[in-house]
Each structure stands twice: as structure tokens, then as C-alpha cells.
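1. Give me a 3D structure for the following:
(chains A and B)
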There are 2 protein chains.
Amino acid sequence: MRIVSYQDVEANEAVPGVVQRVVIGPEHGAPHFAMRVFELQPGKSTPYHTHEWEHEVFVLSGLGVVRRENGETPISAGTAVFVEPNEIHCFTNSSNEVFRFICVIPTTTDGPSQPACEIPPSQPQS
Amino acid sequence: MRIVSYQDVEANEAVPGVVQRVVIGPEHGAPHFAMRVFELQPGKSTPYHTHEWEHEVFVLSGLGVVRRENGETPISAGTAVFVEPNEIHCFTNSSNEVFRFICVIPTTTDGPSQPACEIPPSQPQS
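-> Alright, predicted model coming up:
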């Protein structure tokens, strides 16, 4: 049994302003899927991309937006997001606080990191 | 893409005082693993049991204890717990507030529910 506070796990900066911690993964003996904790600084985004594997996300704190091909939706603590395989997506911090969420992926199909969100979230109406 | 607040998901009482919500599962198209949110009332436990599949747990709020064959450990918000396949375990709420955590399981090996924790947590030293 592995018991760890996410804050004690080494943090890797996936893209500037986006930190990832693998709290449970293959290196800990997990046979099927990995649990990561992401922290996004204000205004920062994960890559706007698509891949063959799914995401299962749960928002821990802060306010953000999940973007997909046909729109975007505000999300906050307690929101779960299922990103289907091959569905284009990114997550953006829309507040002035850290935006923190869990993202679980299967461990047999993960691929390399990709560039940061290529399509910024839409601007507020003026 | 499925976007849902866990509070809007139907709650099922797995054992008395232990509520489970499947926020992402096979019924939503998830191909490999399911994300559940558990809420335990004060003093309540999940079953003390073992099974062939793993758990990946993340504590959202409250205070609890995870018990295994060789001991028990206090856990709180921000703690991740990897329960290995075939490892005996249970989770108990050790506080007066709701104890809430995520538990992710593979969806191809889940089994029936089992009776509530058969070995209560050890008593505090007097």
C-alpha cells in the first residue's frame, strides 16, 4: 500500500505554469491506470490536443474552463469531467487562484507531452 | 464529454452510512476504469475486504484511517492511497465530519459488494 500526500510528490512542469505530480503510477506498481494531480497558475492551460486515450478528471479547487470542439464550460471544485478517447480538449485556469484537479489515464496508451493550448479560451463579452 | 458535479449524481448507500456515486463509469462510455466518490458518515467504514483489483484513492475532505493487514494510517485531504490487488483494506471516518474520497477501479474486474468492515479500527491508547 502506498500512502502519500500529493504535496510530497515530485512536481514536473509539463508546460510553463502547469505542474504535474504522478501520485500513483506504474512506478508504484499500479497495473492499469495512473493518477496525476495538476496545478495550473492563473491564465495557464493544458495542451489543446487529442489522443487515443481517455481522461477522467475531478476538480479539487479553484475555477477553470474545459474547452472542446463545440464549446467550453466553467468547472469548479466537485466537477467530474470525462474526456472521451480522441476528443479534443484543454483545461484553463480562469481565476486568480491556483486551479487544481486530478486526471486519471490508462497507463498502457499514454503518449508524449504536446505543446500548450493552441486555441486560447474565448474572450469575455465587452 | 461528460461534465457533472458529483452532487448531481445519484447516490447509492453501499453499506449503512457509506454513500457511493459513480461520477464516471461504463454507463458513460468509460472504457477502462470508473471514478466513484464516497462519503462516509462519522464512525462508518467501507468493507474490510480483499479482491483481485486495485484501488486508487484520493481524499477530498475530512479525516479518516486506512487499515491494512499490518496496521493503519491516518489520512486527510490531499492524501493519495494505492491499494494493491489482493491487499486487505478498509477506510474509516475517524472524525465528526463527513469523510469524502475518490476511489478509482478498473471496470473489467469489479465484483459484488461485501459486508462492512469486519475489524474495527484499533482504539486510542488510554
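2. The closest residue in space to A:G17 that isn't next to it in sequence: neighbouring residues, count only.
-> In space, not counting the residues next to it along the chain, A:G17 is nearest to A:K44; the distance is 3.5 Å by Cβ to Cβ, 6 or more residues apart in numbering or on different chains. Glycine gets a C-beta too; all of them are placed from N, C-alpha and C. Counted with other Cβ atoms under 10 Å in any protein chain shown, residues neighbouring A:K44 total 20.
3. if I pick A:K44, what's in contact with it?
-> Going by Cβ atoms under 8 Å, 6 or more residues apart in numbering or on different chains, A:K44 touches A:15-18, A:92-93, A:116.
4. Among those residues, which ones are in strands?
-> A:15, A:18, A:92-93 (DSSP state E).
5. Go through those and give me the one with the most neighbours.
-> Counting neighbours by other Cβ under 10 Å, A:N93 comes out on top of these with 26 neighbours.
6. Contacts only, for that one.
-> Contacts of A:N93 (Cβ under 8 Å, 6+ apart): A:40-45, A:62-64, A:99.
7. about what we covered before: which two among the contacts of A:K44 are spaced furthest apart?
-> The most widely separated members of these, counting by Cβ to Cβ, are A:P16 and A:T92 (13.6 Å).
8. Chain B contacts on chain A?
-> A:1-7, A:9, A:23-24, A:28-33, A:35, A:37, A:54, A:56, A:58, A:60, A:66, A:68, A:73, A:75, A:78-85, A:87, A:89, A:102, A:104, A:106 (Cβ under 8 Å from any Cβ of the partner chain).
9. Tell me which strands the least confident helix or strand in chain A by mean pLDDT pairs with, and in which orientation.
-> Scoring the helices and strands of chain A by mean pLDDT, DSSP states H and E places strand A:12-15 at the bottom, with a mean of 89. According to DSSP bridges, strand A:12-15 has the following sheet partners: strand A:18-24 (antiparallel).
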